[in-house]
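K.L.:
sequence first, predicted model second:
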Amino acid sequence: MYPYNLFKKWVTPYKVLVCISALLLNSHISEASGSKKPKKVSKGKVYSFKFFHDQLLLTNDELKMKKRDRILAEENLTVSKSGHYPKLDLKVGANGGSEQEASSSSVDPSGGAGKMGLSGGSAGTSNYKVNSDSISGSLGLTYNVFSRFATHNSILNAQNGVNQKLLERDLLLDRKKKELIHLLLEMQSLLKIKKVLLRAEYLLKRLAYKSRSKTRRLFFGSSRGLKIDKKYKEILYQKTKVTEYIETGHLALKNLIPNYRPYWLKGLKKLSISYNLPSFDDASKKFLKKSKTSKNLSLDIQNYKNIHNTTTWERAWIPLAFLSASQTTTQSLKTKEVSNGWSASLVFQFNLFDGFYSSARRSQAFNMYKISQIKKRDQLSKGVILLRKDYAQVKTSSRKKNFIQAIIREKRFKIKNIKQIRERGVSTKTEESFMLLDLAKKEMDKREAQKNYEIALLNIATNIDELNKVKIYESTTL
């Protein structure tokens, strides 16, 4: 027991000394750090889809142009309505001039001479100028009593023009919202794929460097080294492609939202969409009868019908009728005399012959009316075909996406197993890097299928005016 007691006596003071040293060292470190508090890691600002959509509505240039188009259409309607009102014109003028007048005070009223021995009466006549300066004013009124319904049909067309601009703006709003949803989903997926590629690049870059060194060529083998080099270059190609897609996406978002900033995307919540897809029969019926596209084409037909109705009244035996009236006042600056006068007239104008202009206009309007009917039928028929293609795309893309997702789950499971191996040799890292590359490629394939699925889904919702029924889910976990 003696050696043990001696060891115990020696260890106990040593332990106390170590504890004291540790306390002193800790105190020294605390004093050196002073009163500095640990820095808090600030989280970046989180953005929602609503923020992006609000910025789109406020700043998009195409939407601004459509707003101006609507204002122009409303002003055109005001111009057309002016045909129902009379026109009043006020004219004020200053007139200057003089007139030659003859004085006959020395001429005998009977026509004889005023003095004996003089023949004729002209010898006593004298000429002088009379100032005719004056001011005048006139108030005129004109009113179209009967314009052969041209004003009425012009107002109808202008009102249709306003309605068309409103429809076109709604269509543009739907299209821009659809583009925004698609772009944000695409960018988030590309950023996710880029992370996988960067991890695979990191592993393969180290392996490629080791495989090129002379000391490790025998260990790797020539064929394995070539394979690593090939995979590394493939990684660089895939990463470059994804990076360029991301840069292009930033530009596309900048076009949609002129004040867009790239850091907005980093703070955007994870987005996903869902839409309760109606049956194809219900969707096609709604597209044909109630869609904005159908309404816009119907307005075109109505416009040409109104023009045709106007031209049918342009006949030689159907007159234009308008009323004109005026009141004129003139005052002489010399005599201060004032003269007043008024006039009124009701005019009927018959276009007896206009070089076949009216008949040509009638023919043009009738043919444009028929063309607009055929155009609507053709456009809606093509729209139904595109709608059917979108339905097919939804089904095939969904199946393809599920198939690729199953492959991705399998690859992720294998990568997880590789990471759980205790002794990680070079071969394990090589296999992991290869599988990460394959995983990234499958993620890109999945994204392509998902993109086609989302585009088709959004197209259907937009074409049948149900984009507001597309639900957008947001998650803070990316």
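P.N.:
Now that the structure is in, tell me what you want to look at.
K.L.:
switch to C-alpha atoms for all contacts and neighbour counts from now on
P.N.:
OK.
K.L.:
what segments of the stretch 51-200 of the chain are strands?
P.N.:
Using DSSP state E, counting those that start in this stretch, the strands of the stretch 51-200 of the chain run over residues 87-95, 98-103, 126-131, 134-146.
K.L.:
N259 belongs to a helix?
P.N.:
No. Counting by DSSP: H, G, I helix; E, B strand; the rest coil, N259 is not part of a helix but coil.
K.L.:
I figured it was touching N60, is that so?
P.N.:
No. Checked against CA atoms under 8 Å, the pair N259 and N60 is beyond contact range at 9.2 Å.
K.L.:
so between the two, which is more surrounded?
P.N.:
Neighbour count, other CA atoms under 10 Å: between N259 and N60, N60 has more, with 17 against 13.
K.L.:
OK, contacts around the more buried one?
P.N.:
When contacts are counted by CA atoms under 8 Å, 6 or more residues apart in numbering, N60 touches 255-258.
K.L.:
what about 10 Å?
P.N.:
176, 254-259 (CA atoms under 10 Å, 6 or more residues apart in numbering).
K.L.:
now the two most distant members of the residues you listed.
P.N.:
K176 and N259 (15.7 Å; CA to CA).
K.L.:
strands along the stretch 301-450 of the chain, start to end?
P.N.:
Counting by DSSP E, counting those that start in this stretch, the strands of the stretch 301-450 of the chain are 320-332, 338-349.
K.L.:
which one of these is the most hemmed in?
P.N.:
Among the strands of the stretch 301-450 of the chain, the stretch with the highest mean neighbour count (mean count of other CA atoms under 10 Å) is strand 320-332, at a mean of 17.
K.L.:
in PDB, list the C-alpha atoms belonging to that one.
P.N.:
Output in PDB follows, covering the C-alpha atoms of strand 320-332 (Å, rounded to 0.1, in the frame of the first residue of the first chain):
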ATOM      1  CA  LEU A 320     -77.100  64.000 -93.800                       C
ATOM      2  CA  ALA A 321     -78.900  66.700 -91.900                       C
ATOM      3  CA  PHE A 322     -77.300  69.500 -89.900                       C
ATOM      4  CA  LEU A 323     -78.400  72.800 -88.400                       C
ATOM      5  CA  SER A 324     -76.300  76.000 -88.500                       C
ATOM      6  CA  ALA A 325     -77.100  79.400 -86.900                       C
ATOM      7  CA  SER A 326     -75.100  82.500 -86.300                       C
ATOM      8  CA  GLN A 327     -75.400  86.000 -84.700                       C
ATOM      9  CA  THR A 328     -73.200  88.800 -86.000                       C
ATOM     10  CA  THR A 329     -72.600  92.200 -84.600                       C
ATOM     11  CA  THR A 330     -70.500  95.000 -86.300                       C
ATOM     12  CA  GLN A 331     -69.700  98.500 -84.900                       C
ATOM     13  CA  SER A 332     -68.100 101.300 -86.900                       C
END
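K.L.:
from the contacts of N60, which is closest to A406?
P.N.:
Closest to A406, out of all of those and judged by CA to CA, is K176, at 33.5 Å.
K.L.:
pLDDT score assigned to the nearest residue to the closest one once chain neighbours are set aside?
P.N.:
Nearest residue to K176 in three dimensions, chain neighbours excluded: L256, at 7.5 Å (CA to CA, 6 or more residues apart in numbering). Looking at L256, its pLDDT reads 96.
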